[in-house]
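Visitor: Below are the sequence and a predicted model; questions follow.
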Amino acid sequence: MKKIFIYQALLAAVFSISACSNHKTDTAGIGNQDTVPVKVMPLQVEDASHAIAASGQFTTNDETFLSFKNGGIINRILVKEGDAVHQGQLLAIVNQTEISAQVQQVNLAYQKAERDYSRASKLYKDSVATLEQMQNAKTALQVAKQQLDAVKFNQNYSEIRATSSGYVLKKLANDGQIVGPGTPVLQINGAKQNKWILKVGLSDAQWAALKIGDGATITTDALPNQTLSAKVSRKAEGIDPQSGTFGVELSLIDVKVQGLAAGLFGKATIIPTKTSSGYTIPYDALLDGGENEGYVFITNDNKTAQKVKVQLGAIQNDKINITGGLENAAGLIVSGSAYLTDGSKIKVLK
C-alpha cells in the first residue's frame, strides 16, 4: 500500500515539473511576439477640393400663392391640382355682386362731381360763383375720380389669373367657399419656364466651403439615365430651425430638361472651388470613428506606435480627409492597427 502511494506522489511531481516547463516555454514565445509588424505611410499636407454629397427636393424659385384681393363667395375655380396653366389664364372667379354695386355707386358719385364742377366753372366765368366754390367743385371731382380708380382696381382682382406659365401645385379652396381678402386659394409655379432648382441642406462646414457658381451634378430616380448639370445659385444666410441645416439652392444649367415635377427627390454631388489643407488617409487606418472625430496610430521613430485623436473631414470612397490631429506625425500606420495599443513596439515592413 505504501509503495502505491509513493508511486502516485512521484508521478504527480513529474507532471507538475512538465507543466512548469511548458508554461515557461509559452511565456517565452509570447515575449517574442511583443513587436508587431506594421506598414507605415508617410504623411504630407495636401491642398484638395473634396466633393460634397447632398440630397433634396426639386422645386422652382417662383412658387406663388394666389388669392382674391377682396373677400367673398367663390363662384368657380377653373383648374385642379396638376393642371398646366399659361401666363394670364383665368383660374378662379369670386361673386362680383358686391364689388359691382360699389363700382356703380362710386361711378354715380363721380358723374355728379363732374356735373357740379362744370356748373361751378360756368358760374365762375359769369361772376356768379366765387373762386373758392369753383375750386371746391374741382377738388370734389378729383377725389371722386381717385375713388373710382380704386374701386375699379379692386374689381379687377375679383378674379385670379396665372402670374406665369407652369402648373397648379395646390388647390386650397372650393366652389361656394367664403374666403377673406388675401386668403390663399391656389398655389402655382413657373415650371414651364424650366426654372428648376434643387434645395439641399448642408452642415456649417460644407456651407462655408461653397460659393456662388460652384458646379454640381444631380441624379434623380425620375430620370434614371441622366446626369443633370447644375451650379450653386443661392446660399441661405441663416440656419433652418426645423432641420438644423443651412440651405443651398442648385440651379439646373440645362433649361430644356423634361420629366421633372415639384417635390421629386434628387441627389447632388457639389464640387467646391475652394480648396482645404489636410491629410488624406485610407479609411481602414481609422479606428473608433465618430461623427467628427476618430483615432489613428502614428509613429515618429518607426519603433513605437502612438494612438492620437484626429478631426474628420470629407469621406471619398475608401479614403477620408483629416483636418486636424496629424500635424506632428511623421508616418501613419495603415496595416496592423488591430493588434496595437498606445506605446506598442512595432516593426515596419517594407
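Guide: Received it, and whenever you're ready, just let me know what you need.

Visitor: C-alpha only now, for contacts and for neighbours.
Guide: Noted.

Visitor: what's the single longest strand in the protein?
Guide: With secondary structure taken from DSSP state E, the chain has its longest strand at strand 223-239.

Visitor: and the residue nearest to Lys231 when sequence neighbours are not counted, how far is that from Ser233?
Guide: Distances taken as CA to CA, 6 or more residues apart in numbering put Gly215 closest to Lys231, at 4.4 Å, once the chain neighbours are dropped. Distance of Gly215 to Ser233, given as CA to CA, to the nearest Å: 10 Å.

Visitor: Give the residue spans of the stretch 251-350 of the chain that score low on pLDDT.
Guide: The model of the stretch 251-350 of the chain has pLDDT under 70 over residues 275-277, 290-291, 314-317.

Visitor: Gly215 and Ser233: which has the busier surroundings?
Guide: Gly215 (20 against 16; other CA atoms under 10 Å).

Visitor: residues contacting that one?
Guide: Ser229, Ala230, Lys231, Val232, Ile270, Ile271, Pro272 (CA atoms under 8 Å, 6 or more residues apart in numbering).

Visitor: how about the fifth one, secondary structure?
Guide: It stands for Ile270. The local conformation at Ile270, judged by DSSP: H, G, I helix; E, B strand; the rest coil, is strand.

Visitor: so it touches Ala51, yeah?
Guide: Yes - using CA atoms under 8 Å, Ile270 is in contact with Ala51, at 5.5 Å.

Visitor: list the buried ones in stretch 81-101?
Guide: Using 16 or more other CA atoms under 10 Å as the test for burial, stretch 81-101 gives Ala84, Val85, Leu91, Ala92, Ile93, Val94, Asn95, Gln96, Ile99.

Visitor: sorry, that was for stretch 36-54
Guide: Those would be Val36, Pro37, Val38, Lys39, Val40, Leu43, Ala48, His50, Ala51, Ile52, Ala53, Ala54, for stretch 36-54 by 16+ other CA under 10 Å.

Visitor: got it, and stretch 247-262?
Guide: Applying 16+ other CA under 10 Å to stretch 247-262 flags Gly247, Val248, Glu249, Leu250, Ser251, Leu252, Ile253, Leu260, Ala261, Ala262 as buried.

Visitor: Strands of the stretch 251-350 of the chain, start to end?
Guide: For the stretch 251-350 of the chain, strands defined by DSSP state E, counting those that start in this stretch occupy the ranges 265-271, 276-282, 293-299, 306-316, 319-324, 331-335, 346-348.

Visitor: Ok, which of those comes nearest Gly190?
Guide: strand 265-271 (18.6 Å; CA to CA).

Visitor: Give me the neighbour count for the nearest residue to Ala285 once chain neighbours are set aside.
Guide: Nearest residue to Ala285 in three dimensions, chain neighbours excluded: Val334, at 4.9 Å (CA to CA, 6+ apart). Using other CA under 10 Å, Val334 has 19 other residues around it.

Visitor: residue contacts, Val334?
Guide: By CA under 8 Å, 6+ apart, the neighbours of Val334 are Val38, Lys39, Val40, Met41, Pro282, Asp284, Ala285.

Visitor: Dump the longest strand of the chain to CSV, keeping only the CA atoms.
Guide: Taking Å, rounded to 0.1, in the frame of the first residue of the first chain, the C-alpha atoms of strand 223-239 are listed here in CSV:
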residue,chain,number,x,y,z
LEU,A,223,-34.6,60.4,-64.9
PRO,A,224,-32.6,57.2,-64.3
ASN,A,225,-30.3,57.5,-67.3
GLN,A,226,-29.5,61.2,-67.0
THR,A,227,-27.0,63.3,-65.0
LEU,A,228,-28.0,66.9,-64.7
SER,A,229,-25.5,69.7,-64.6
ALA,A,230,-26.1,72.5,-62.1
LYS,A,231,-24.5,75.3,-60.2
VAL,A,232,-24.8,76.9,-56.8
SER,A,233,-27.2,79.8,-57.2
ARG,A,234,-28.0,80.8,-53.7
LYS,A,235,-26.8,80.2,-50.1
ALA,A,236,-29.1,80.8,-47.2
GLU,A,237,-27.9,83.5,-44.7
GLY,A,238,-29.3,81.6,-41.7
ILE,A,239,-30.0,78.2,-40.4
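
Visitor: now that strand: mean pLDDT?
Guide: Across strand 223-239, pLDDT averages out at 90.

Visitor: elements contacting it?
Guide: The contact analysis (3 or more CA pairs under 8 Å, 6 or more residues apart in numbering; DSSP states H and E) places strand 223-239 against strand 215-220, strand 246-252.

Visitor: quick check: angle from the shortest one to strand 265-271?
Guide: Angle, strand 215-220 to strand 265-271, by axes from the mean of the first three to the mean of the last three CA atoms, to 10 degrees: 160 degrees.

Visitor: how about strand 215-220: buried residues?
Guide: Here strand 215-220 shows Gly215, Ala216, Thr217, Ile218, Thr219, Thr220 as buried, counting by 16+ other CA under 10 Å.

Visitor: so who does the residue nearest to the third one when sequence neighbours are not counted touch?
Guide: The reference is to Thr217. Nearest in space to Thr217, with sequence neighbours left out and distances taken as CA to CA, 6+ apart, is Ser229 at 4.8 Å. Neighbouring residues of Ser229 by CA under 8 Å, 6+ apart: Gly215, Ala216, Thr217, Ile218, Leu252, Ile253, Asp254.

Visitor: check contacts around the nearest residue to Ala330 once chain neighbours are set aside.
Guide: The spatially closest residue to Ala330, leaving aside those adjacent along the chain, is Asn300, at 5.1 Å (CA to CA, 6+ apart). For Asn300, the contact set (CA under 8 Å, 6+ apart) comprises Ala329, Ala330, Gly331.
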